[in-house]
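In: Below are the sequence and a predicted model for it; my questions follow.
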Amino acid sequence: MNKKMIVYGWIVFMFIALVNPHPGLSMQVTNSLRIDGFGMQGYYITSKNNYLGPNDTQGTFNFNALNLVMKADVDPHFRVWLKLFAYSDIKDAVEVTWAFGEYYLNDRLQIRIGKVKMPLGIYSEIGGVYPILPTSILPLIYLDTANLSPDELKGISFTGRLNQRNLKLTYDLFGGRSGGDIDTATHLQVENLVGSRVWILSPEDNLKLGLSYFRGLIVSPQSLANIGLSHYQVSLEYRYLSHFNLRSEYALHQEENGNASVGYYVEMTYQINDAWLPVLRYDLFYPLRGKDNLITDYQKETVAGLNYRISDFLTWKGEFHFVQGAALLDSEVPNPSPEENWNIFITTVTFLF
Amino acid sequence: MKKTVLYLLFMLAMFPGPALPTGDEEIVIIVSPENRRNKILDAELKSIYLGEKKEWEDGKGIIPVDLDEADPLREKFDITYLNKSLSSLKYYWVQQIFTGRGVPPLELKNEQLVKEYVASHPGSIAYIHARNLDATIRKVQITGDR
C-alpha cells in the first residue's frame, strides 16, 4: 500500500467518524454485523541509530496504522471475525491480521478455525491495538526484530474459561503453522506449531498469572533443515484499586541447535484520572543468552511515557526510550556503526471509532 | 537512573486515585418475567457483563443490557458490581473487540427503554433504580460476597 492509499484511508476513517452519531463507539451496521476501527499517526526520532527508517535522526512521520474489525453473527453459536490492518513503518503494507470462524459450544469451550493472533503472554494479541497500549513501541520480547514468536497462526485453537472456587482460569490451546510467505516475511515462520496459554486469575481479577508455551519447527529459506524450537513465557499482571497496574514478563526461547534468547521487562502504569496515564518500563533482551561482549549482543531500555485521553475516542501518547545496546536494530535499515547509548522519542495520536 | 525510577514509582503509588461515584438509591437487577432465575451470584453477574458467561442454564443466550455512559446509574453499577471504572471498562472492551474476543453489552438511552427491551427479550438482563420496578419485568436477588 502506498502513501496515497494511507491518506485516502485516513480520509475515509475521518468521514466515518464524523458521520457516526456516537464517536468512540462502533458501527452496528445490521443486527448481525458490527464494525469497529481505529487509526494511529505517529512521529518518532532517534538520537543516533536508525530504528525504523533510513533517516531517523531527522525524525519521521512514517509510523501509522489503520485497523478495521468486522464481526458477523451467523447464528447464536457461530460468528465470523475479520481484522484488517494497514500500516506504514519500515514499509507500507495492508494485511488480514486475523480472520476466523468461532463456534461457541459453551462458556468453557469455544473453537476457532482460521488465522488467529498468537495467544502468547500479555501483548501478543493486542500488539497492534495502539489505543490501549500504554506505549507505542512494545516491550523488546515482542518486537519483530527479536524474532521470538510468530505474529499469527493458521490452524485451530480452543479457548474457554473455567471457574474453580476462588480462582478463575482461562486457556488457549492451539496448533497449526504461522502465516505468511517465508520468502518475504520478516516475522518468524514456524511449522508444526503447538502450544498453550493459561491465565490464572484471582477472584477480583486484580492478579493474573500467565504461562505460555509453544514449540515447532522454524522454517528458513536459507537453511536446508528446519530447526526445532521451544518458547516459554511467564507473565504477571497486578492491578491495585483499578488505577495502578504492574505488568512483568519473562521469555525464554530455545532452539535445538543450542541457541537461546532471553528477555524480561517490568512495566507500571498509573491512571491518575480519566485523562492522564503515565507509564514506566524497564526492559532487557539478549538475543544469545550468556553473550554480551558487543553492543549488538544486548539491548536495555528504560521507558518513560505519558498517555492523555483527549476525548473518548482520541488519545495522545508521548514516550522516551533511553536505550543501551543495539541488539534489535532492523537488518533492513542501514546502521554501519551502531552506537551503544541512544534514545528514541515517539509521539502518537490514536483515534477510535 | 534506577533511584529516579523508584522515586517516581513511589510518588505515583502515593497519588490519590480517581474518585468513586456516590449515591444511595438502590440498584436492582432485572430480567424478563419468563426467566426462571430468582437469584444470581455477584460473580456470575460480573461474568455476564464482561462477556465471559454467554448462556443461561437452559441454553438460551444471555443479552446483557447497559445504560448509556452518561447515566449516573451506569457508573454506579460498573463500580459496585463489576469493580471497574468506566475508563477501565472501555479499555477492557477495546481489548476484547480488537482481539476478536467479544463485544460490549447493548447500550440503551434510559431506564424506560431498558425495561421495554428486557420485557420483550427473555434472555436479557439489566439494571435500573428500584423505584422504576413494575410488573413488566422481574427483579432477581444478588447473592455472594461483595
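Out: Perfect, I can see it now. Given the structure is predicted, the values throughout are model-derived calculations rather than measurements. Residues are numbered from 1 along each chain as shown, chains lettered A, B, ... in the order given.

In: ranges for the strands of the stretch 201-350 of chain A?
Out: Residue ranges of the strands in the stretch 201-350 of chain A, as given by DSSP state E, counting those that start in this stretch, are A:207-218, A:227-240, A:244-255, A:260-270, A:276-286, A:299-311, A:314-325, A:341-352.

In: repeat for the stretch 1-150 of chain A
Out: Taking DSSP E, counting those that start in this stretch as the criterion, the stretch 1-150 of chain A carries its strands at A:27-28, A:33-46, A:60-75, A:78-88, A:92-106, A:109-117.

In: Show me the shaky parts of the chain.
Out: Picked chain A for this. Counting by pLDDT under 70, chain A has low-confidence residues at A:1-26, A:53-56, A:89-91, A:179-187, A:221-224.

In: Please refer instead to chain B.
Out: Screening chain B residue by residue with the criterion pLDDT under 70, one finds the ranges B:1-24, B:145-146.

In: JSON lines for the strands of the stretch 201-350 of chain A, including distance to A:S136 and mean neighbour count?
Out: C-beta coordinates here come from the backbone N, C-alpha and C atoms, glycine included. Below are these laid out as JSON lines (distance: least, CB to CB, whole Å; neighbours: other CB atoms under 10 Å in any protein chain shown):
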{"stretch": "strand A:207-218", "distance to A:S136": "23", "mean neighbour count": "19"}
{"stretch": "strand A:227-240", "distance to A:S136": "20", "mean neighbour count": "18"}
{"stretch": "strand A:244-255", "distance to A:S136": "16", "mean neighbour count": "19"}
{"stretch": "strand A:260-270", "distance to A:S136": "14", "mean neighbour count": "21"}
{"stretch": "strand A:276-286", "distance to A:S136": "11", "mean neighbour count": "20"}
{"stretch": "strand A:299-311", "distance to A:S136": "8", "mean neighbour count": "18"}
{"stretch": "strand A:314-325", "distance to A:S136": "6", "mean neighbour count": "19"}
{"stretch": "strand A:341-352", "distance to A:S136": "5", "mean neighbour count": "20"}
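
In: mind giving me a markdown table with the ones you listed and columns for distance to chain B?
Out: Listed next are the strands of the stretch 201-350 of chain A as a markdown table, based on distance: least, CB to the nearest CB, whole Å:
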| stretch | distance to chain B |
| --- | --- |
| strand A:207-218 | 13 |
| strand A:227-240 | 8 |
| strand A:244-255 | 6 |
| strand A:260-270 | 4 |
| strand A:276-286 | 6 |
| strand A:299-311 | 6 |
| strand A:314-325 | 7 |
| strand A:341-352 | 7 |
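
In: Could you export these as CSV, including distance to A:T97?
Out: Below are the strands of the stretch 201-350 of chain A laid out as CSV (distance: least, CB to CB, whole Å):
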stretch, distance to A:T97
strand A:207-218, 19
strand A:227-240, 20
strand A:244-255, 22
strand A:260-270, 23
strand A:276-286, 24
strand A:299-311, 23
strand A:314-325, 20
strand A:341-352, 16
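
In: among the ones you listed, which is nearest B:F77?
Out: When these are ranked by distance to B:F77, counting by CB to CB, first place goes to strand A:227-240 at 19.4 Å.

In: Enumerate the residues of the stretch 51-200 of chain A near chain B.
Out: Taking CB under 8 Å from any CB of the partner chain, the part of the stretch 51-200 of chain A that reaches chain B is made up of A:67, A:69, A:71, A:76, A:81, A:83, A:98, A:100, A:102, A:104, A:106-107, A:116-117, A:125-126, A:128-129, A:131-132, A:161, A:163.

In: circling back to that earlier point, of the strands of the stretch 1-150 of chain A, which approaches A:Q189 most closely?
Out: Between A:Q189 and the strands of the stretch 1-150 of chain A, the shortest separation by CB to CB is 14.0 Å, and it involves strand A:109-117.

In: which outside residues touch that closest one?
Out: In this structure, residues lying in contact with strand A:109-117 by CB atoms under 8 Å, 6 or more residues apart in numbering or on different chains are A:96-105, A:124-125, A:127, A:151-160, A:174, A:179, B:99-100.
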